[in-house]
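Novice: Whatever this is, show me its structure:
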Amino acid sequence: MRSPNILVFDCGASHLSGGVFALEKDGAPRLESHAIEALSADSAEGKSWAVAIGEAVTRIMTLLDYEGRECVITVPGHLALTKFVKTPAVERSKRDRIVQFEASQNIPYPLNEVAWDCAEVADDGAEVELMLSAVKRDALDELCAVFERAKLVVTRIEPGGLAGVRAWRAAPGRNRDSSLVVDVGAKSTQLLFVGRDNFFMRTLPFGGSLATQLLAKKLSCELTQAESLKRELGDGQGSSDSSRQELIDEAVMEFTARLQAELTRSIFSYSRHTEAESPEEIILMGEGSRLPELNRRIAESTALPARSLDVVADLDLRSASGEVMSDDSLLALAGLAQSHFSGEGVAMNLLPPERQFEQRARQGRPWWLAAATLLILALLPPIIYLQLAAARHAESSRALQAELGPLIKWDTRNRQNLEKIESLRDRVAILREIEQRSERWTLLLSDMQSRLESVGDVWLESMVILPVSRLSSDTEEGAPLRLGLSGKLLDIENPTAKASSASRERVNQLLQIFGESKYIQNISAGGFDKSQPGILKFELTLVINREESL
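Specialist: Presented below is the predicted three-dimensional model:
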């Protein structure tokens, strides 16, 4: 939804014009208040121009008595570079890339150093005519800054000539088939060719300041004095000094001749445009157009009727105060207001992208706040319900915890007791295993004793458990138990003999008897000592049966 009022400014090289427009019921803009401030002659150069604009903004806001903070402005022709290009008519989705390419080719500055935009002038289905416009970012940042210091926010920036074209084409009750509007500014002159279906703009690199410079040079005076004299000439006041008047006439003639030549060249070039309509009249406006005899001389050189802009008749501009308006800058102001209210006509925005982003964020902030408020209000009942439900569940949980407390303690004790029982069971199992092994050792020793008694006159001196051999393929856990035995066998029948045949027989008998034991899996003789008469020392290795593990 557009605002019912709009604050607009036309920034010229030698003036600042401001106005407040309101929207009438029939959709036409109505001028509520208007003010114009002239800038000093030396303010058109360098940074002093932006400073002078800032000072003029403060004075105009006091005169307008407007409380709004957002505004739309124009930039003068000497700041805005304007180019018209033609491109093939391609799909809308692909035009952005073509426009980007054309901008990089036709704007003689790196695109990141300028704020630029394009507008579609005409589309015949085969070709699209585009208007490119660019302004250096430094100049725009400085211009926006002086408005911000006056507590205003610039929301859109347009070339002044484009706003003028839009107002000229939109004004009712006039023949707008073909006109040439010549806006003679201080530092540049805008030529606006306005046809029925298209338009064209050209900026001449000189304006009323050229006439001022020529006068100052001819009269050998300061620019401020020459500017005052030029304004007097525009008001129809001549000089009483004939010699001085001749110099003034020469300066005016030189300026007029140069403007005539450029107009003739521009009209000829425009007429060669394939879709151009030859202008039927020339409308002069701007401070520099008030020089004496300028209308007549241009009409003679171009063979076209030439006249000054009549704000009331040409624009049909409605004023809330009913006063007669003669300010030429109202053409651009009306164009800005018409674009804001209706959104129709060719328009562009030279506001730097980062400032456009800030503007969108600022405009969207109230909607986000409203949406957030509605969301909070919508979620408030469920949140309250959930908080009450959570409080009830917390109370129930506390009561349940109070009941479960003793049970949890008993459960903890039970778990600890079960762990102790399991530990005792493991110890009992170990003791039982030891007991069983002790019984098996007792049975083994008893069996060995009985077998030694059956042989007779034999005894054991030592018995050791042998380690598992490293050459064995059995692991330490799976290897059978090996016992090393050493003992002596007494040969009673042959006490003086060393290893008699009877002794050997008894040894074989001993080995056989041990081999018959269920506890012994295998037996081998480790060695015999025959050195002592009547006694045979022996060493045996017993491999215990796996099934009778000890």
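Novice: residues in contact with Arg166?
Specialist: 335, 338-339, 345-347 (CB atoms under 8 Å, 6 or more residues apart in numbering). The way it works is simple: take the backbone N, C-alpha and C, and place the C-beta from them, glycine included.
Novice: The same query, at a cut-off of 7 Å, please.
Specialist: Residues in contact with Arg166 (CB atoms under 7 Å, 6 or more residues apart in numbering) are 335, 338-339, 345-346.
Novice: which SS class is it?
Specialist: Three-state call for Arg166 (DSSP: H, G, I helix; E, B strand; the rest coil): helix.
Novice: Retrieve the pLDDT associated with it.
Specialist: Arg166 carries a pLDDT score of 88 in this model.
Novice: so who does the nearest residue to Leu263 once chain neighbours are set aside touch?
Specialist: In this structure, Leu263 finds its nearest non-sequential neighbour in Thr302, 5.9 Å apart by CB to CB, 6 or more residues apart in numbering. The neighbours of Thr302, taking CB under 7 Å, 6+ apart as the test, are 263-264, 267, 282.
Novice: Could you chop this protein up by domain?
Specialist: What the record gives for the chain is the domain set 173-315, 375-448, 456-548, from automatic domain parsing.
Novice: With Gly12 as the reference, name the closest of the ones you listed.
Specialist: domain 173-315 (5.7 Å; CB to CB).
Novice: Buried by neighbour count, from the contacts of Thr302: which ones?
Specialist: 263, 267, 282 (16 or more other CB atoms under 10 Å).
Novice: Sort out which of these are in helices and list them.
Specialist: Under the assignment DSSP state H, these contribute 263, 267 to helices.
Novice: All the strands of the stretch 401-550 of the chain, residue numbers only.
Specialist: In the stretch 401-550 of the chain, the strands defined using DSSP state E, counting those that start in this stretch lie at 458-466, 482-490, 520-529, 535-544.
Novice: Just the buried positions in the last one, please.
Specialist: Pointing back at strand 535-544 there. Buried-residue list, strand 535-544, by 16+ other CB under 10 Å: 535-536, 538-540, 542-544.
Novice: Taking those, tell me the two that lie furthest apart.
Specialist: The span of the buried residues of strand 535-544, defined through CB to CB, is set by Ile535 and Ile544 at 27.8 Å.
Novice: circling back: now, which of the buried residues of strand 535-544 sits nearest Leu490?
Specialist: Ile535 (6.0 Å).
Novice: which residues touch the closest residue to Glu250 other than its chain neighbours?
Specialist: Spatial nearest neighbour of Glu250, chain neighbours left out: Lys218 (6.2 Å); criterion: CB to CB, 6+ apart. When contacts are counted by CB under 7 Å, 6+ apart, Lys218 touches 247, 250-251.
Novice: from these, which would you call buried?
Specialist: The buried subset of those - by 16+ other CB under 10 Å - is 247, 251.
Novice: which stretch in the strands of the stretch 401-550 of the chain has the least confidence?
Specialist: strand 520-529 (a mean of 81).
Novice: The residue nearest to Glu250 and Thr256, how far apart?
Specialist: 14 Å (CB to CB, to the nearest Å).
Novice: distance between stretch 53-69 and the chain's centre?
Specialist: 36 Å (CA atoms, centre = their mean, to the nearest Å).
Novice: pLDDT averaged over it, what's the number?
Specialist: For stretch 53-69, the per-residue pLDDT averages 90.
Novice: Can you point out the buried residues in it?
Specialist: 53-57, 60-61, 64, 66.
Novice: Show me what secondary structure element comes after the worst-scoring helix or strand of the chain on mean pLDDT.
Specialist: Least confident helix or strand of the chain, by mean pLDDT, DSSP states H and E, is strand 318-319 with a mean of 70. Next helix or strand after strand 318-319 toward the C-terminus (DSSP states H and E): helix 330-342.
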